[in-house]
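Trainee: Provided below are the primary sequence and the corresponding predicted coordinates.
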2 protein chains.
Amino acid sequence: MQPVICTVDVVLLTLQDDALRVALLKRDREPFKGVLALPGGFIHPDDDAQTQDAALRVLRNKTGIEPPYLEQLATFSGPARDPRGWSVSVVYYALVPHDVIERAGHQEVRLASVDKPLNLPFDHRTIVDTAVARLRSKSQYSSLPCYLAGEAFTLPQLQRTYEALMGEPLNKVSFRRKITEMDMLEPIQGAFTAGSAHRPAQLYRLKPELRDQLTLIERGI
Amino acid sequence: MQPVICTVDVVLLTLQDDALRVALLKRDREPFKGVLALPGGFIHPDDDAQTQDAALRVLRNKTGIEPPYLEQLATFSGPARDPRGWSVSVVYYALVPHDVIERAGHQEVRLASVDKPLNLPFDHRTIVDTAVARLRSKSQYSSLPCYLAGEAFTLPQLQRTYEALMGEPLNKVSFRRKITEMDMLEPIQGAFTAGSAHRPAQLYRLKPELRDQLTLIERGI
DNA sequence: GCAATAGTGTCTCTCAGACACTATGGT
DNA sequence: ACCATAGTGTCTGAGAGACACTATTGC
């Protein structure tokens, strides 16, 4: 009986210019050597305590990034998705603020808009679409977008982040009511935006105790 | 390098006496031979077009059941969950009306309440808990519970199904408003419950075109 | 008629969105 | 002073829950 090829892939997503982008790397080996694809690799049973650790290892080794948010997306499988044979890929998606990618610069990471046509090897296009759908869906009723907004952000910035993900403008009063009621942010004392020709905005951060935990709301943003 | 063991497991859920129950089978081989566990088995790359087909095959062969709803839950992995070695299990959860299990009777299927303490081998307890959490969460804003209610059901029966899953009583008027607005059911012409000492209730079924597709609602039931 | 459950009409209270206002920086 | 954006107070309309009512069966 033919063996099953076991891999992990990571959909690393970020926001740049209010557009959702996915991180792609040139493959360093066959198949599809030199082609842009999702970061991925084999599971190493001797190194990885579970598939999530394999995903973190792949991301660290190939991009130098430690993502603030990483969640299992789904597992993709079949005889044809990888030319090497019947394969299983456990896929994770990660969210990082854009500046983290810029600062990492470990290898050449390309950012491609997820809304434009995109030719990817394997079934990576399907995987990206699944990840984007999951992110957009969860953004409606959770604190997920905060992980794209960075360490510190203003409420108007966070609102633009939510709007970019949900694809529609939000009511300012309602948005702030929701964020307040979620009780997940704390103002950074004395920290305001500056340098612009208008009133400065208060900077906020995720409450430390909620840093690794999604906050959910009943009725959506 | 040690190989990765690739399996699928299925969490088959049903409602009996307003309690959510999971189907367990006595294992027919080592490890844990004779112990009650989730139906599962190895992926057969030569037979299965993808892991979902492996899950369907396992379910068909071991229980004789073709579930009306089957969805990927998550993938569980690690060196210790299976005594045979580093393993990956792609887990699916299935929903079936209770009478389908009774009619199948292919092998001895035990139904255990998911809310009572339950000793299971491998990490099956964690898997069951994850499946139940997913089902209860999705029930709040989708037509998922319909798959537990059977082919035909009355609105009061469907409401009791939702209540059993959500663990709280629902307002009858609001519930019916929501179901109407979801526009997923059609009355079975001339079909009513009978034999009880009160007004008969109209029987409904899922609209055929929505049979294999979840209906979602914005603001929850 | 009576008990029991199915099914509906309507009122009220809550909450989300709209609007308008104030606040505070730069120029 | 004026512009631009941050941040807040308040009104209104839509929708969810509560209640009460009618409908239809068996006994």
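Mentor: Yep, it's here. Residues are numbered from 1 along each chain as shown, chains lettered A, B, ... in the order given.
Trainee: Every contact and neighbour count from this point should use C-alpha atoms.
Mentor: Noted.
Trainee: hey, where'd the strands end up in chain A?
Mentor: A:5-16, A:19-26, A:36-37, A:40-42, A:69-78, A:87-95, A:110-113, A:153-154, A:185-192, A:202-206 (DSSP state E).
Trainee: closest one to chain B among those strands?
Mentor: strand A:69-78 (4.5 Å; C-alpha to the nearest C-alpha).
Trainee: what number of residues lie near A:Ile43?
Mentor: A total of 26 residues lie near A:Ile43 under the criterion other C-alpha atoms under 10 Å in any protein chain shown.
Trainee: Check the gap between A:Glu218 and A:Arg134 for me.
Mentor: Distance, A:Glu218 to A:Arg134, using C-alpha to C-alpha, to the nearest Å: 17 Å.
Trainee: swap in A:Leu24?
Mentor: 19 Å.
Trainee: out of these two, which sits in the more crowded spot?
Mentor: Each of A:Leu24 and A:Arg134 has its neighbours counted (other C-alpha under 10 Å); A:Leu24 has more, 22 against 13.
Trainee: show me what contacts the more buried one?
Mentor: Residues counted as contacts of A:Leu24 (C-alpha atoms under 8 Å, 6 or more residues apart in numbering or on different chains) are A:36-39, A:109-112.
Trainee: The same query, at a cut-off of 10 Å, please.
Mentor: A:10-13, A:35-39, A:63, A:108-112, A:120 (C-alpha atoms under 10 Å, 6 or more residues apart in numbering or on different chains).
Trainee: For chain A, which residues are neighbours of chain B?
Mentor: When proximity is defined as C-alpha under 10 Å from any C-alpha of the partner chain, chain A approaches chain B at A:1-6, A:43-46, A:48-53, A:72-80, A:85-88, A:90-91, A:140, A:218-220.
Trainee: at 6 Å instead, please
Mentor: Within chain A, the positions near chain B by C-alpha under 6 Å from any C-alpha of the partner chain are A:49-50, A:77-78, A:219.
Trainee: can you pick the most crowded of those?
Mentor: Result: A:Ser77 is most packed of those (other C-alpha under 10 Å), 24 neighbours.
Trainee: what sits opposite it in the beta ladder?
Mentor: A:Ser77 forms beta bridges with A:Val88, as assigned by DSSP bridges.
Trainee: so it touches B:Ala49, yeah?
Mentor: No: the pair A:Ser77 and B:Ala49 does not pass the contact test of C-alpha atoms under 6 Å, sitting 8.1 Å apart.
Trainee: Tell me how many other residues crowd A:Ile127.
Mentor: A:Ile127: 22 neighbours (other C-alpha under 10 Å).
Trainee: What of A:Leu214?
Mentor: A:Leu214 has 14 nearby residues by other C-alpha under 10 Å.
Trainee: in chain A, what secondary structure element scores lowest on mean pLDDT?
Mentor: helix A:98-104 (a mean of 89; mean pLDDT, DSSP states H and E).
Trainee: Next, the buried residues of that helix.
Mentor: Within helix A:98-104, the residues that count as buried by 16 or more other C-alpha atoms under 10 Å in any protein chain shown are A:98, A:100-101.
Trainee: Redo these as a markdown table? Include distance to B:Gln213.
Mentor: Putting those into a markdown table (distance: C-alpha to C-alpha, whole Å) gives the following:
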| residue | distance to B:Gln213 |
| --- | --- |
| A:His98 | 36 |
| A:Val100 | 39 |
| A:Ile101 | 38 |
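Trainee: who touches the residue nearest the centre of chain A in this structure?
Mentor: Nearest to the geometric centre of chain A sits A:Leu95, at 2.4 Å (C-alpha atoms, centre = their mean). Taking C-alpha atoms under 6 Å, 6 or more residues apart in numbering or on different chains as the contact definition, A:Leu95 lies against A:13, A:69, A:148.
Trainee: next one: A:Ala37
Mentor: A:24-25, A:120.
Trainee: wait, which of the residues you listed is closest to A:Thr193?
Mentor: A:Leu24 (32.2 Å; C-alpha to C-alpha).
Trainee: For the closest one, which residues count as its bridge partners?
Mentor: Here A:Leu24, judged by DSSP bridges, has bridge partners A:Arg110.
Trainee: Where do the domain boundaries of chain A fall?
Mentor: Using automatic domain parsing, the domains assigned to chain A come out as A:5-139, A:146-210.
Trainee: any low-confidence regions in chain A?
Mentor: A:1, A:105-107 (pLDDT under 70).
Trainee: Please look at A:Leu25 and A:Gly34 and confirm they touch.
Mentor: No: at 8.7 Å, A:Leu25 does not count as touching A:Gly34 under the criterion of C-alpha under 6 Å.
Trainee: How far away from the center of its chain is stretch A:159-173?
Mentor: 18 Å (C-alpha atoms, centre = their mean, to the nearest Å).
Trainee: quick one: contacts of it?
Mentor: Contacts of stretch A:159-173 (C-alpha under 6 Å, 6+ apart): A:18, A:136.
Trainee: Mind listing what's buried along it?
Mentor: Going by neighbour count (16+ other C-alpha under 10 Å), the buried part of stretch A:159-173 is A:159-166.
Trainee: how far does that stretch stretch from start to finish?
Mentor: By C-alpha to C-alpha, one end of stretch A:159-173 lies 11 Å from the other end.
Trainee: Up against DNA strand C, what does chain A have?
Mentor: Neighbours of DNA strand C within chain A, by C-alpha under 7 Å from any atom of the strand: A:170-175, A:177-178, A:194-200, A:219, A:221.
Trainee: Now do the longest helix belonging to chain A against strand A:87-95, angle only.
Mentor: When chain A is scanned for its longest helix (criterion: DSSP state H), the result is helix A:124-139. Angle, helix A:124-139 to strand A:87-95, by axes from the mean of the first three to the mean of the last three C-alpha atoms, to 10 degrees: 40 degrees.
Trainee: Could you give me the buried positions within helix A:124-139?
Mentor: A:124-125, A:127-128, A:130-132, A:135-136, A:138-139.
Trainee: What sits closest to A:Gln202 if chain neighbours are left out?
Mentor: Nearest residue to A:Gln202, sequence neighbours excluded (C-alpha to C-alpha, 6 or more residues apart in numbering or on different chains): A:Phe192, at 4.6 Å.
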